[in-house]
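> sequence and predicted structure below; questions after.
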Amino acid sequence: MDELMRVSFQIIAAVGGARSSYVEAVKAAKNGDFDAADELIKKGDEGFIEGHNAHNGLIQQEASGNPVDMTLIITHAEDQLMAAESFKIVALELIDIYRRLAEKN
């Protein structure tokens, strides 16, 4: 497996796990377990950072004059990275709404 393929799969696995943690965090908040929701967001952030750092390595490689070939797999990895980041934003908003509803009840 070439290096670009390896990094692509590293990004996909890391941010896929992050997105799953963000989804689980929303479910925990929906059930009123805000401590678990907060922990799941932190766990998701760890995976997201891992994926982001791997992606950043590719950006640094290209910036140093060593171009990265755009393939379908790296495009998919970048799509998953952005999807996880977007879902985290939505998850934090949903958790906040669930928290406010719980405080009112």
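Yes, it's here. Computed from a predicted model, the values in this text were never measured in an experiment.
> what sits closest to residue 92 if chain neighbours are left out?
residue 41 (7.1 Å; Cβ to Cβ, 6 or more residues apart in numbering). Placement of C-beta: from N, CA and C, glycine included.
> check which residues of stretch 64-75 are buried.
residue 74 (16 or more other Cβ atoms under 10 Å).
> and that stretch, how far apart are its ends?
Start to finish, the residues bounding stretch 64-75 are 20 Å apart (Cα to Cα, to the nearest Å).
> for it, the averaged confidence score.
For stretch 64-75, mean pLDDT is 94.
> which residues touch it?
Stretch 64-75 has contacts (Cβ atoms under 8 Å, 6 or more residues apart in numbering) with 4, 5, 7, 8, 9, 58, 61, 62.
> from those, which land in helices?
If you go by DSSP state H, the contacts of stretch 64-75 have 4, 5, 7, 8, 9, 58, 61, 62 in helices.
> turn the residues you listed into a markdown table, including neighbour count and distance to residue 36.
Shown next, in a markdown table, are the ones in helices among the contacts of stretch 64-75 (neighbours: other Cβ atoms under 10 Å; distance: Cβ to Cβ, whole Å):
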| residue | neighbour count | distance to residue 36 |
| --- | --- | --- |
| 4 | 17 | 37 |
| 5 | 13 | 35 |
| 7 | 20 | 32 |
| 8 | 24 | 31 |
| 9 | 15 | 29 |
| 58 | 19 | 34 |
| 61 | 15 | 38 |
| 62 | 11 | 39 |
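> now flag whichever of those residues is closest to residue 35.
residue 9 (32.7 Å; Cβ to Cβ).
> those helices in the chain, which residues are they?
In the chain, the helices defined using DSSP H lie at 3-30, 34-63, 72-104.
> quick one: the closest residue in space to residue 25 that isn't next to it in sequence and residue 92, what's the gap?
The shortest distance from residue 25 to any non-neighbouring residue, by Cβ to Cβ, 6+ apart, is to residue 40 (3.6 Å). Between residue 40 and residue 92 the computed distance is 11 Å (Cβ to Cβ, to the nearest Å).
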